[in-house]
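J.: sharing a sequence plus its predicted fold:
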Protein chains: 2
Amino acid sequence: MIDDLILALDFGGTKHTVGVVNRDRSGAWAIKRVPAPPNADAAADCATVFDVAHKMLGLRNPAAIGVSFGGPVDYNTGTVRLSHHVPGWENRPLQAMLEDEFHAPARVDNDANVAALGEYRYGAGQGCASLMYITISTGVGGGWILNGDIWRGQDGMAGEIGHTVVDPAGPVCLCGKRGCVERLASGPYLAGHARALLEQDPAAGATLRGLAGGDPAAVDARLVAQAAAEGDPLAQGVLAEAAHALGMGIGNAANLVNPGRFVLGGGVTKSGEAWWQAVRAAARATALPEVLFDIVPAGLGDDAPLWGAVALAPEKTR
Amino acid sequence: MIDDLILALDFGGTKHTVGVVNRDRSGAWAIKRVPAPPNADAAADCATVFDVAHKMLGLRNPAAIGVSFGGPVDYNTGTVRLSHHVPGWENRPLQAMLEDEFHAPARVDNDANVAALGEYRYGAGQGCASLMYITISTGVGGGWILNGDIWRGQDGMAGEIGHTVVDPAGPVCLCGKRGCVERLASGPYLAGHARALLEQDPAAGATLRGLAGGDPAAVDARLVAQAAAEGDPLAQGVLAEAAHALGMGIGNAANLVNPGRFVLGGGVTKSGEAWWQAVRAAARATALPEVLFDIVPAGLGDDAPLWGAVALAPEKTR
């Protein structure tokens, strides 16, 4: 079934992944991860990834190509708008480049949308035609599946739950507003909050401080979660506040769009059961009683964008 | 073209409207408004509206029926869930009743969704395939058009922008939460805010107080708007705060869903240009710079649900 071979690509900030699989997922699913060389630019990244893909394909031709890109993409033209991590991606026509290189139709979308599609088709979103996928890690981003399709919005900007405001009296976000979900719930910000509290009160957060080797500057979100699990009240408070902000954002999104499910991925979701309970409680309290949904962990982990890329690959050859 | 005759019904809280029109809008558009008798129940309302419709149709049969209902509806079954104004509507199968009575296929949806459809097809939403219609009057409700169709969500609850939270430190809403858009931006609440300020400070709001005949209890949202237009600082402040809350809700909705347009109707939208400017400024400040939209007044006024009912009527006869 050589015609059913899908080339799936995931361009990330620090690593790329190349997958080759039959569309019906029969047979082997070959995956190769490629670190992005430091100081790489877009041309070098493309050359590396294309080379790996050619080697994995051997003499076979893919029937179609799906791509997850870690940055804003114009889906209609398959053009990358920019990368926040790697220079040279501005307005790069990635879809056309792939179609020329591999002689197969390609589709390119941003990682949040593609991960949402992956979770919907193959992960924790199966059976739920309308869902929001949210990644909570360095930033907070989201992608919608509505009636089984990615919902991109008029300008491809839908899903920006990280920059919805849940506390207009809150701290200032990188975007300039106060109290965005991302400013309150993302990993670096919640770690920063913990660091500030440790510095304010040398007696507080003994467990967290110990885990950080006595140096508040060494605190990251993972250590906050670990300290919270070990009973550190400072860490527990920081984590609960971050989870509460995310839950409010989810509750607002539920009231507005009424999807059946929220699928949560990203490093911060590994912060333990108390974090999940606080997210669920705040979302439930924010949504109207008639607005129903569940909030579940992503099923595909870091491979969600790659699986989504398989689903994104166009069905019909040119 | 007798086969193209549409029966359009709008069941409101205090009045109902019956319209008969050709689907292509050729020929006359007959409209009759019927006050809901005080102490009416659902059976009496139906009898009244059905009777008016029969008289307007004469010997003609409608090809299809579309209905806007002022309360929650299960669109899939055409069953009214309840009315907040009139008893007896609980689980009433309005679609089936209409199909039996008029021998034509019917569709029933809530007024916010139907008004959104009306504005999209015939009003201020024309040409914009993805929009949110928001009514700001006694409450704050909304309906989505996404890709040219009503978006209802998994449980028919989508569009509840009135109960998204924009200020968790704000006053308590009827729904139990703090700082909902409705609690800050609806007509009765903004009037209540003005009344409270007048009572707190007998020297403040001289113009508004005068318009209310010296009696703060007589202040309503219309008087607040009038006083603001006449330069009353207290009224201007109240109106600006209400508009700001609505604008934040709109900005959050834009970040999440990225529609092209927000169409605003309802009595509070007649509060003057300063209100509109404050809504637009807050929405623009809350949305990311890349998230584009415009905010425009509804084009069909009180007839939006009736026009929407025409568009909702099913295309194909049974």
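T.: Here it is on my side, so go on.

J.: OK, contacts around whichever residue of the stretch 51-200 of chain A sits closest to chain B?
T.: Scanning the stretch 51-200 of chain A for the residue nearest chain B gives A:G153, at 2.4 Å (criterion: C-beta to the nearest C-beta). Yep, even glycine has a C-beta here, placed from its N, CA and C like the rest. With contact taken as C-beta atoms under 8 Å, 6 or more residues apart in numbering or on different chains, A:G153 is in contact with A:159, B:130, B:257-259, B:291.

J.: which SS class is it?
T.: Secondary structure, DSSP: H, G, I helix; E, B strand; the rest coil: A:G153 is coil.

J.: again, but for A:K32
T.: A:K32 - assigned by three-state DSSP - is strand.

J.: for the residue nearest to it when sequence neighbours are not counted, phi and psi?
T.: Among residues not flanking A:K32 along the chain, A:V18 sits closest, at 5.0 Å (C-beta to C-beta, 6 or more residues apart in numbering or on different chains). Main-chain dihedrals, A:V18, degrees, to the nearest 10: phi -120, psi 130.

J.: how about A:D302?
T.: Backbone torsions of A:D302, given as degrees, to the nearest 10, read phi -70, psi -10.

J.: around it, how many other residues sit close by?
T.: By the criterion of other C-beta atoms under 10 Å in any protein chain shown, A:D302 has 16 neighbours.

J.: also A:M132?
T.: 29.

J.: is it true that it touches A:I161?
T.: Yes: between A:M132 and A:I161 there is a contact under C-beta atoms under 8 Å: 7.3 Å.

J.: tell me the residues that contact both of the two, please.
T.: With C-beta under 8 Å, 6+ apart as the test, A:M132 and A:I161 both reach A:142, A:250, A:253.

J.: which bits of the stretch 151-300 of chain A sit near chain B?
T.: Residues of the stretch 151-300 of chain A lying close to chain B by C-beta under 8 Å from any C-beta of the partner chain are A:151-161, A:163-169, A:175, A:177, A:248, A:251-253, A:255-260, A:285-286, A:288, A:290-293.

J.: next, format the contacts of A:G153 as TSV and append secondary structure, pLDDT and distance to A:G272.
T.: Listed next are the contacts of A:G153 as TSV, based on DSSP: H, G, I helix; E, B strand; the rest coil; pLDDT from 0 to 100; distance: C-beta to C-beta, whole Å:
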residue	secondary structure	pLDDT	distance to A:G272
A:G159	coil	97	26
B:S130	coil	98	39
B:V257	helix	98	31
B:N258	coil	98	33
B:P259	coil	98	37
B:V291	coil	96	33
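
J.: same list (those) but as a markdown table, adding neighbour count.
T.: Listed next are the contacts of A:G153 as a markdown table, based on neighbours: other C-beta atoms under 10 Å in any protein chain shown:
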| residue | neighbour count |
| --- | --- |
| A:G159 | 26 |
| B:S130 | 24 |
| B:V257 | 28 |
| B:N258 | 25 |
| B:P259 | 27 |
| B:V291 | 23 |
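
J.: secondary structure element holding A:G192?
T.: Element membership for A:G192 (DSSP states H and E) is helix A:187-200.

J.: contacts for the next helix-or-strand element following that helix, please.
T.: Note on helix A:187-200: by DSSP H and E, the next helix or strand toward the C-terminus is helix A:206-211. Applying C-beta under 8 Å, 6+ apart, the external contacts of helix A:206-211 come out as A:194, A:198, A:216, A:219, A:223-224, A:226-227, A:230-232, A:234-235.

J.: doesn't A:A124 fall inside a strand?
T.: No: with three-state DSSP as the criterion, A:A124 is coil rather than part of a strand.

J.: nearest spatial neighbour of the residue sitting nearest the centre point of chain A, skipping sequence neighbours?
T.: With distances taken as C-alpha atoms, centre = their mean, A:T135 lies nearest the centre of chain A, 3.9 Å away. Leaving aside its sequence neighbours, A:T135 sits nearest to A:G266 (C-beta to C-beta, 6+ apart; 3.9 Å).

J.: dump the residue contacts of that neighbour.
T.: Contacts of A:G266 by C-beta under 8 Å, 6+ apart are A:134-137, A:140, A:187, A:298.

J.: what residues are up against A:E199?
T.: A:P216.

J.: now it: how far from A:A242?
T.: Separation of A:E199 from A:A242 (C-beta to C-beta, to the nearest Å) stands at 18 Å.

J.: then A:V34?
T.: Distance from A:V34 to A:A242, by C-beta to C-beta: 33 Å.

J.: more neighbours: which of those two?
T.: When neighbours are counted by other C-beta under 10 Å, A:V34 and A:A242 differ, and A:A242 comes out ahead with 28 against 18.

J.: in a strand, the more buried one, correct?
T.: No: applying three-state DSSP, one finds A:A242 to be helix, outside a strand.

J.: that one against A:H193, yeah?
T.: Yes: assessed by C-beta under 8 Å, A:A242 is found in contact with A:H193 at 7.5 Å.

J.: run the chain-centre distance for stretch A:167-184.
T.: 20 Å (C-alpha atoms, centre = their mean, to the nearest Å).

J.: also stretch A:199-210?
T.: On C-alpha atoms, centre = their mean, the centre of stretch A:199-210 falls 31 Å from that of its chain.
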